[in-house]
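**Student:** Mind looking at a prediction? Sequence and model below.
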2 protein chains.
Amino acid sequence: MPLNIHPDTKVHVFREPFIFDTPYMGRDESIPQLEVGYEAWGNPAHPAILVCHALSGNCHATDANEPDDARKSWWNAMVGPGRVIDTQRYYVICINMLGGCGGTSGPATINPDTGQSYGMHFPVVTVHDMVRSQRMLLDVLGVKRLHAVIGGSMGGFQALVWGILYPDFVERIIPVASTGYSNQFMIMTNRVQIDAIQLDPNYQNGHYTPDKTPEIGLAIARMIGFTTFISPVMMERKFAKAHQSLREPFRDGYFKEQMFHEAENYLRRQAEPFSQEFDANSMVYLLQTWNHFDLARKYGTLARAVQPIKSRMMLIAATGDNLFPPYLSEDIVKAMAVHGKSVLYELIEEDYGHDFFLIPDIIEEKIAPPLKVFLES
Amino acid sequence: MPLNIHPDTKVHVFREPFIFDTPYMGRDESIPQLEVGYEAWGNPAHPAILVCHALSGNCHATDANEPDDARKSWWNAMVGPGRVIDTQRYYVICINMLGGCGGTSGPATINPDTGQSYGMHFPVVTVHDMVRSQRMLLDVLGVKRLHAVIGGSMGGFQALVWGILYPDFVERIIPVASTGYSNQFMIMTNRVQIDAIQLDPNYQNGHYTPDKTPEIGLAIARMIGFTTFISPVMMERKFAKAHQSLREPFRDGYFKEQMFHEAENYLRRQAEPFSQEFDANSMVYLLQTWNHFDLARKYGTLARAVQPIKSRMMLIAATGDNLFPPYLSEDIVKAMAVHGKSVLYELIEEDYGHDFFLIPDIIEEKIAPPLKVFLES
């Protein structure tokens, strides 16, 4: 089974059932044991910061050996020695999402009761489930209090739910490029991604085998996602009008095919490693988790949802983010204001698109300075 | 073979080979005869207006029997007796796009030399090919001159190319929600639509049979498209937070499945008839035609491309159109300005999204008034 596990990942196994929040027809409601994959950097005696990853990430938020090479982890520019989330000053932990395939239990994990992977029998995963599993691990690591929880996109969902579930445990929450609920555009684009995966004849209703995975369906899902992660303006800048000579489709296999437009080649080059490292069922599960994330529905209103939060909050959004447009962060500001709670809201001017929070230049110039002040306040 | 042919469609057959613009490896460069599907309304002695349809449309631009029912044709609010494109004052013609499946030759058409449908042997279609086929039909209909050519989206591509190919034949061209070239976002989102169709196990590299068409792949393509046709703001307004109780996926078959979110149900309800009426190969061909549409590449620059145009031009774009953002129309204005040619440019304030030009209220309030002045000038 393709797995998105970095070699530095440690796994803690809780040898007791983990009960999920949402009973769901035809699926289990618990798993007999919980594995939690994580990495931690720095001195455990220092203030602890939890970093939460997004949909396709894993717990390798920074690379201790090559902290300056942005390709070695998804957040090297943000986390590491001398970075704003400074591993010399903070004890930094990143935990793979429950339902993922980066070390924490998910559909690809072997069920010890059956010796088979859970597949589509894995329970439905909510963001609340993810956060509860993270709390369990922090207890094992001896973390008594979090200086901050930070995450972008789905990582931001987790930061927000940390503030709601464990108000006395978290001093600061920092949802970046995030929201308190999935909007209709997300629901639609995530749905067609799920459908593309399930259309792949190799998908077999989730019962695919390691030698025959639905990699093209997964690649198509990823490419659909990609069209929403960077802005149309950035795409124009990135690919200009580069193109190849005309060729026949499906000449050399799906990923090796030479496409006419450089943008098409780029899409497939991006999607290929993802489709080979990420588990298709995990992708289906996490897209469902995303689509069902709606704190307003769960608590009645967004204002009621955020009522328990005691942590100080900093929200970071960007003008060029079409997937998580700023109004979604502003809705959280308004919900907090209902209770007279103030929020630091950083609206960053950029035209990169949703993935802005992963881009080293934007991190250094626009995210790190206000974040540093907030973390030290 | 599913075909998007309205019963009112007339077909003219040119019993001679039609040679296409672009030789393409492994495909034919001509077809032995050309069928052109069309409808015409009004008095042939009146000034003639050609209406060009978009990707998924057909030549049924208005319904003579039920002109007030917007569901009976795709442009009833625009074309008909007393409408701005008034069938009592103009002779109005709408022609199915070459490569489509609404009466004009396309991949689903039977090749008279083989008795089989062309399938993927059909030549690659350019917008220039489409316009040349339309000109041939107008000659047969005895149209000596066009008062105007109007079309939205891909229909706008045709209007623009009409001005370039036949400058002395067309008095006015009106590209609506259109562009002189496909941008990188279009190229990407169209590519994943093609890939979704071709992933369907029924697709069989284009050699599918009428009883087993790639309808789910085609539906997914359509749903991906749909996420770009209306704006995220409109989606929020349309679907609010309507949702169902949780159900298991694939319970009752793809289209009948009850989804959790109303937005997902809506997507599938929209996609179902399309997937059953539209030919999958046609969709692949037309998306390729769209992706290869680039007048700047073909002529060196957009300014050189528009140089032959003698027609007066009105461009209509909308602020809420994320798929064809206004800058694409403004690029045409600038290209025309290089030659000292002025263009009427109507930028409509609306937040519906790309499909604004199909919406009766927007047509009546914002498109018809300036268009009427332009048509009568």
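**Tutor:** Thanks, I have it.

**Student:** which residues does the residue positioned nearest the centre of chain A contact?
**Tutor:** For chain A, the residue sitting closest to the mean C-alpha position, by C-alpha atoms, centre = their mean, is residue A:54 at 1.2 Å. Residue A:54 sits next to A:151, A:152, A:153, A:154, A:155 when contact means C-beta atoms under 8 Å, 6 or more residues apart in numbering or on different chains. No exception for glycine: its C-beta is placed from N, CA and C like everyone else's.

**Student:** Now it: phi and psi?
**Tutor:** phi -100, psi -180 (degrees, to the nearest 10).

**Student:** Not including adjacent chain positions, what is the nearest residue to it?
**Tutor:** In this structure, residue A:54 finds its nearest non-sequential neighbour in residue A:153, 3.9 Å apart by C-beta to C-beta, 6 or more residues apart in numbering or on different chains.

**Student:** Nearest to chain B among the contacts of residue A:54?
**Tutor:** Of all those, chain B sits closest to residue A:153, with 16.0 Å by C-beta to the nearest C-beta.

**Student:** how near is that closest one to residue A:159?
**Tutor:** Distance of residue A:153 to residue A:159, computed by C-beta to C-beta, to the nearest Å: 11 Å.

**Student:** Spell out which residues are contacts of both of those two.
**Tutor:** Common neighbours of residue A:153 and residue A:159 (C-beta under 8 Å, 6+ apart) are residue A:178.

**Student:** who has more neighbours, these two?
**Tutor:** Legend: neighbour count by other C-beta atoms under 10 Å in any protein chain shown for residue A:153 and residue A:159, higher for residue A:159 (29 against 26).

**Student:** quick one: residue A:225 is in a helix?
**Tutor:** Yes: assessed by DSSP: H, G, I helix; E, B strand; the rest coil, residue A:225 belongs to a helix.

**Student:** what's around it, how many residues?
**Tutor:** Counted with other C-beta under 10 Å, the neighbours of residue A:225 add up to 23.

**Student:** Any regions of the stretch 1-150 of chain A where pLDDT drops low?
**Tutor:** Filtered on pLDDT under 70, the stretch 1-150 of chain A yields the residue ranges A:1-2, A:23-28.

**Student:** For it, which segments are assigned as helices?
**Tutor:** With helices called from DSSP state H, counting those that start in this stretch, the stretch 1-150 of chain A shows them at A:127-140.

**Student:** Narrow the contacts of residue A:54 to those in strands?
**Tutor:** Counted as lying in strands by DSSP state E, out of the contacts of residue A:54, are A:151, A:152.

**Student:** Residues touching stretch A:342-350, excluding its own?
**Tutor:** By C-beta under 8 Å, 6+ apart, stretch A:342-350 touches A:312-320, A:326, A:329-330, A:332-333, A:336-337, A:356, A:362, A:366-367, A:370, A:374.

**Student:** quick one: the helices in the stretch 201-350 of chain A?
**Tutor:** A:215-229, A:232-239, A:262-277, A:280-292, A:295-299, A:302-306, A:326-338.

**Student:** rank the ones you listed by pLDDT, which is bottom?
**Tutor:** Note on those: helix A:232-239 shows the lowest mean pLDDT, a mean of 88.

**Student:** Run the chain-centre distance for that one.
**Tutor:** Centre-to-centre, helix A:232-239 and its host chain are 24 Å apart (C-alpha atoms, centre = their mean, to the nearest Å).

**Student:** Same question for stretch A:127-145.
**Tutor:** 17 Å.

**Student:** next one: stretch A:198-215
**Tutor:** Stretch A:198-215 has its C-alpha centroid displaced from the chain centroid by 23 Å (C-alpha atoms, centre = their mean).

**Student:** Pull up the distance across it, start to finish.
**Tutor:** Terminal residues of stretch A:198-215 lie 11 Å apart, using C-alpha to C-alpha, to the nearest Å.

**Student:** Can you list the buried residues in it?
**Tutor:** By neighbour count on 16 or more other C-beta atoms under 10 Å in any protein chain shown, the buried set for stretch A:198-215 is A:198, A:199, A:200, A:202, A:203, A:206, A:208, A:213, A:214, A:215.

**Student:** filter those residues down to the ones near chain B?
**Tutor:** Taking C-beta under 8 Å from any C-beta of the partner chain, the overlap between these and the neighbourhood of chain B is A:198, A:199, A:200.

**Student:** shouldn't the first one be in contact with residue A:284?
**Tutor:** What it means is residue A:198. Yes: with contact defined as C-beta atoms under 8 Å, residue A:198 reaches residue A:284; the gap is 7.2 Å.

**Student:** Quick one: residues contacting the closest residue to residue A:4 other than its chain neighbours.
**Tutor:** Distance criterion C-beta to C-beta, 6+ apart; nearest residue to residue A:4, sequence neighbours excluded, is residue A:102 at 4.5 Å. Counting by C-beta under 8 Å, 6+ apart, residue A:102 touches A:3, A:4, A:5, A:6, A:9, A:37, A:53, A:57, A:58, A:59, A:60, A:96.

**Student:** Can you add neighbour count and give those back as a markdown table?
**Tutor:** Converted to a markdown table, those look like this (neighbours: other C-beta atoms under 10 Å in any protein chain shown):
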| residue | neighbour count |
| --- | --- |
| A:3 | 20 |
| A:4 | 25 |
| A:5 | 19 |
| A:6 | 18 |
| A:9 | 19 |
| A:37 | 29 |
| A:53 | 24 |
| A:57 | 25 |
| A:58 | 28 |
| A:59 | 30 |
| A:60 | 25 |
| A:96 | 31 |
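
**Student:** quick one: which of these sit in strands?
**Tutor:** residue A:37.

**Student:** Let me know the closest of the contacts of residue A:102 to residue A:301.
**Tutor:** Distance to residue A:301 across the contacts of residue A:102 (C-beta to C-beta) is lowest for residue A:53, with 28.5 Å.

**Student:** I figured the closest one hits residue A:78, correct?
**Tutor:** No: between residue A:53 and residue A:78 there is no contact under C-beta under 8 Å: 11.5 Å.

**Student:** shared neighbours of those two, anything?
**Tutor:** residue A:61.

**Student:** just to revisit the earlier point, okay if I get the buried residues of stretch A:198-215 as a markdown table plus distance to residue A:278?
**Tutor:** A markdown table is the format used below for the buried residues of stretch A:198-215 (distance: C-beta to C-beta, whole Å):
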| residue | distance to residue A:278 |
| --- | --- |
| A:198 | 15 |
| A:199 | 17 |
| A:200 | 14 |
| A:202 | 14 |
| A:203 | 14 |
| A:206 | 15 |
| A:208 | 13 |
| A:213 | 10 |
| A:214 | 11 |
| A:215 | 9 |
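
**Student:** Out of the residues you listed, which is nearest to residue A:143?
**Tutor:** residue A:206 (35.1 Å).

**Student:** could you list every residue that touches the closest one?
**Tutor:** A:107, A:119, A:120, A:280, A:281, A:284.
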